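Asks: no sequence for this one, just the structure:
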């Protein structure tokens, strides 16, 4: 047998080996309680509303033209030419009238109360003794 054998030989001394065993235990050092609170606050929502309107003015012209004028804008007025053909001995293009269109904008302040909710978290630290009670 070799010297590493586990069998006991006469005159040999058995060796003892120690082994380590680790155990963990949970220990409560305290608790926390988390709760949320919701509060409602009233705020005023504000906006400016626009109302765009137009005014149409008929402007008589009554003049002969070679070709139909194109739509044009002068300052804030859009001019739409209206033509008609008139039969004389020959056909001529007559600018009958123009439409002058003006835009007008009306602004109104608008307010309405609205309900908004806000949540907050409240954290309370509890003692270890109260952790054992629950």
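Replies: In hand now; what should we look at? These figures come from a predicted structure and were not determined experimentally.
Asks: spatially speaking, which residue is in the middle of this structure?
Replies: residue 116 (15.7 Å; Cα atoms, centre = their mean).
Asks: show me where this structure has its helices.
Replies: 128-133 (DSSP state H).
Asks: and the strands in it, which stretches?
Replies: In the chain, the strands defined using DSSP state E lie at 31-65, 72-74, 77-87, 91-126.
Asks: now these in a markdown table, with distance to residue 11?
Replies: Where you see a C-beta, it was placed from the backbone N, CA and C, and this is true even at glycine. Converted to a markdown table, those look like this (distance: least, Cβ to Cβ, whole Å):
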| stretch | distance to residue 11 |
| --- | --- |
| strand 31-65 | 63 |
| strand 72-74 | 123 |
| strand 77-87 | 124 |
| strand 91-126 | 66 |
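Asks: for the residue nearest to the centre of the chain, give its distance to residue 38.
Replies: Noted for residue 116: a distance of 11 Å to residue 38, by Cβ to Cβ, to the nearest Å.
Asks: also residue 12?
Replies: As judged by Cβ to Cβ, residue 12 and residue 38 stand 79 Å apart.
Asks: check residue 105 too.
Replies: Counting by Cβ to Cβ, the separation of residue 105 from residue 38 is 42 Å.
Asks: among the strands of the chain, show me which one is buried the most.
Replies: Comparing these by mean neighbour count (mean count of other Cβ atoms under 10 Å), strand 77-87 ranks first with a mean of 13.
Asks: packing partners of it?
Replies: strand 72-74, strand 91-126 (3 or more Cβ pairs under 8 Å, 6 or more residues apart in numbering; DSSP states H and E).
Asks: can you list those in JSON lines and add distance to residue 30?
Replies: Output for the helices and strands packed on strand 77-87, formatted as JSON lines (distance: least, Cβ to Cβ, whole Å):
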{"stretch": "strand 72-74", "distance to residue 30": "77"}
{"stretch": "strand 91-126", "distance to residue 30": "6"}
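Asks: nothing else from me, thank you.
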